[in-house]
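# Below are the sequence and a predicted model; questions follow.
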Amino acid sequence: MKRLVVLLLVSASGLRAQSDSARRADSIAAAKHKLATVVVTGTRLSEVDERTPSQVEPIDVRKATPGPDVVMNALLDLPGISLYDDQGARLQPELEVRGFTVSPVVGTPQGVSVFLDGMRLNEPDAQEVNFDLLPSAAIERASLVRGSNVLFGRNSLGGTLLLDTKRGGNTPEATATLGAGSFGEQTATITAGGKVSGVDGFVAATGSNETGWRQATAANTRNIFATIGHQWGPTRDSGDVSLSFLYAKDRIQEAGSLPVGYAPTINYTPGDFFEPEAYDLITRATTPLGGGVLRATLFGRRNNYEQFNINVPPPSTDSYIYMLSGGGTVEWTRPVAIGPVPIGFTVGAEYERDNVHFRLLNTGGGQPDSITTLSDVHQENAALYGQAIVSVTSSLDVTIGLRDDYIRIPYRDDLVSANNGTSTYNRVSPEIGATYQFTDDVKAFVAFKSGFRAPAPLELACASASAPCSLPSALGADPALKAVSTRDYEGGVDIDLPHKSSLDIDGFWTDVLDDIQFASPDLTHVYFLNVPETRRAGVEVTAKIPLVGGARIETSYSYMAATFQSTVQISSSDTTPRPARPGDIFPNSPLHRGRIALGIGRLIGPVLLDGDIDLRGYSGQYLRGDESNQRPQIPGYTVSDLDLALTFRRYTVSLMIDNLLDRSYSTFGIEAPNTVGGGPNPPVVSFLTPGYTRRFTVSASVRL
């Protein structure tokens, strides 16, 4: 293993004072007399510090009715987030954050990391994220850190989603929620928590069923989460330990996209399904050590799934993926003082071992089943990192950071040993930025960051244009892919206006080297390739304004251009192909995205009314396979939702209406041959995934 490099970084937050000299005198006294009680926040295993030069946005998931789509829906309320649906399954959308994708779809290049209680949720086979497996009823706090960040490492290119679960409190409490809605939707959730003799506990169980609005799109989800812990001292940093367990099992039927002109409820290839089963075990501990705080997370994770795809023409594909992961993160923060400035530094280390077994078959078509892939990957991921904030003056904080990642991916083919090979990647990623507090209400920041992503095992084994994979049915010896790296420039301003109004503006420019892109010669074959240069650049604006009578308004707009910056030929079904050229826009990526929401929170006698109606709009987007931007775009669209909740004492009744105006629209498209009906030369047409029709959900909950 190459030598990993770590940079100790220094941070401190000074009190706002009348002059720098007064602040420095106070800092010296604090360093002499209170140094041991200072807590340095903004680390890999604690909440992100507001002084860091990043756009950090809290996500409110607690008001939503618990279900497998809570986190996905909450993310869509943020500026610059868009959704497209490749699979035609409501619980498997692909989300785009600053031009990078986070998705449950195996094969989609991923560029966003997701963590649950410090454990990485990106799966080791293809770095995908299964949102449907999340314990939504147990999530207490969620936030999105935009852009790359050395704290979170590999795959954190467009951002990092942080999820923290609940713990039992001093007062015992329990809730029960039942819901029902359109297309056979049924949901049930039970949560309970409390503390006995200093030991806290919390449990949440959720289940959902639905028949789906399109043919053969039923979905069933089940999960249970439990945690037990003990805290000594007034805060968790004074000493804390916890153990959590999650079990989840789902079955989701998929409809995919449809040729233009088909009725939207049709399933082009009925029978596709995804069935995962996951076990997670997470241990967290915090303790004072050496004048600072030591934090650690250890985890074990098993996730097995079956993905079955009907192909036209046959054979169909059936894949069984078995994944077992284990590892942990340890970090130490230590406040010190250098001269008149109190500083703190954070250093940390991560290690993860991933074992993945692929068993892929061709089936049907009048032929016996045949194994196309039987292989193993035993991947190792290691990193050292450091980051901190230096309070140069009472108004200026400077962040410096460095991270070194090492990844080793050995591929072993149990059918053809000639396909064996090992890929290794090592990358040092720096970060520097500053925040300036002009007044108590106005803050600005600028930053330069660098991100890194190694190819996933599945991408490495399917990287040949001359032998594309029938995903996920055939992996083999292919040309090695390069790791992705980014140069990320970002700046923004946060303004707190009178009467709790606010305005946030953030601009970013991300140059991506050796970007991994997805090529699809037809509907059933794909491969991955490096594109020398691409770019994501844009601006995100959010404004919040309270109105009279408990009403509120929130609006956001983003312009985000994901473009090629080098000439590259990407295989597709296009009958008149030409290379993508610098300035061409990525498929499935709208340039303009906006949202306006009107809400109210008000007591009417003994009843609390809380509701929102919002309208989201997206401009047109190019179809997959049209990287050269020659074909007409998928039309832009708007969609509105309504959420309403009434609470009386211990009881709450909620109404949710998605697509309130029942608009017809499409979120995804691809150019591909329409093979239904046979024929030696099927025509190439546009396949589109219809957006979800209007859907009602009613739920009732009671605090027991």
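All right, it came through fine.

# use CA for all of it now, contacts and neighbours both
OK.

# Residue 73 belongs to a helix?
Yes. The assignment for residue 73 is a helix, going by DSSP: H, G, I helix; E, B strand; the rest coil.

# how near is it to residue 284?
As defined by CA to CA, to the nearest Å, residue 73 lies at a distance of 28 Å from residue 284.

# quick one, which of the two is more surrounded?
Counted by other CA atoms under 10 Å, residue 73 and residue 284 do not tie: residue 284 has more neighbours, with 22 against 13.

# ok, that one to residue 450 distance?
Residue 284 is 28 Å from residue 450, where distance means CA to CA.

# Ok, residue 106 next?
Taking CA to CA, one finds residue 106 at 26 Å from residue 450.

# higher neighbour count, the two?
A count of neighbours by other CA under 10 Å puts residue 450 above the other of residue 106 and residue 450, at 26 against 19.

# secondary structure class for that one?
The three-state label given to residue 450 by three-state DSSP is strand.

# So in terms of bridging, what pairs with it?
Beta bridges link residue 450 to residue 487, judged by DSSP bridges.

# Let me see the contact set for it.
148, 149, 150, 429, 430, 431, 485, 486, 487, 488 (CA atoms under 8 Å, 6 or more residues apart in numbering).

# Just the buried ones among those residues, please.
148, 149, 150, 429, 430, 431, 485, 486, 487, 488 (16 or more other CA atoms under 10 Å).

# CA atoms only: put stretch 646-658 into PDB for me.
What follows is stretch 646-658, C-alpha atoms only, in PDB (Å, rounded to 0.1, in the frame of the first residue of the first chain):
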ATOM      1  CA  LEU A 646     -54.100  18.300  11.600                       C
ATOM      2  CA  THR A 647     -52.900  17.600  15.200                       C
ATOM      3  CA  PHE A 648     -55.200  17.500  18.200                       C
ATOM      4  CA  ARG A 649     -53.500  16.500  21.500                       C
ATOM      5  CA  ARG A 650     -52.000  13.000  20.900                       C
ATOM      6  CA  TYR A 651     -53.700  12.500  17.400                       C
ATOM      7  CA  THR A 652     -52.600  13.500  14.000                       C
ATOM      8  CA  VAL A 653     -54.300  13.100  10.600                       C
ATOM      9  CA  SER A 654     -52.400  13.700   7.400                       C
ATOM     10  CA  LEU A 655     -53.300  14.100   3.800                       C
ATOM     11  CA  MET A 656     -50.800  13.900   1.000                       C
ATOM     12  CA  ILE A 657     -51.600  14.400  -2.700                       C
ATOM     13  CA  ASP A 658     -48.800  13.900  -5.300                       C
END
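
# Can you give me the buried ones in it?
Within stretch 646-658, the residues scored as buried using 16+ other CA under 10 Å are 646, 647, 651, 652, 653, 654, 655, 656, 657, 658.

# Could you do stretch 190-209 as well?
Applying a neighbour-count criterion of 16+ other CA under 10 Å, one finds 190-195, 199-209 buried in stretch 190-209.

# Secondary structure element for residue 458, which one?
Per DSSP states H and E, residue 458 falls inside helix 457-460.

# Remind me what that helix packs against, helices and strands.
For helix 457-460, the elements it packs on are strand 527-546, judged by 3 or more CA pairs under 8 Å, 6 or more residues apart in numbering; DSSP states H and E.

# quick one: the helix or strand just after the strand it packs on to chain centroid distance?
Scanning forward in sequence from strand 527-546 by DSSP H and E, the next helix or strand is strand 551-564. From the chain centre to the centre of strand 551-564 is a distance of 18 Å (CA atoms, centre = their mean, to the nearest Å).

# Kindly indicate which of the contacts of residue 450 lies nearest residue 512.
Among the contacts of residue 450, residue 486 lies closest to residue 512 (CA to CA), at 4.5 Å.

# quick one: that closest one and residue 509 touch, right?
No. Between residue 486 and residue 509 there is no contact, the gap being 10.1 Å when judged by CA atoms under 8 Å.

# what about residue 680, is that helix, strand or coil?
coil.

# ok, it to residue 367 distance?
Relative to residue 367, and taking CA to CA, residue 680 is found at 21 Å.

# next one: residue 691
From residue 691 over to residue 367 the distance is 36 Å, taken as CA to CA.

# Name the residue in those two with the higher neighbour count.
Using other CA under 10 Å, the more surrounded residue of residue 691 and residue 367 is residue 691, with 21 against 10.

# Confirm for me that that one is in contact with residue 662.
No. Applying CA under 8 Å as the test, residue 691 and residue 662 come out as separate, 9.9 Å apart.

# what helix or strand does the nearest residue to residue 492 once chain neighbours are set aside sit in?
Among residues not flanking residue 492 along the chain, residue 506 sits closest, at 4.1 Å (CA to CA, 6 or more residues apart in numbering). Using DSSP H and E, residue 506 maps to strand 501-519.
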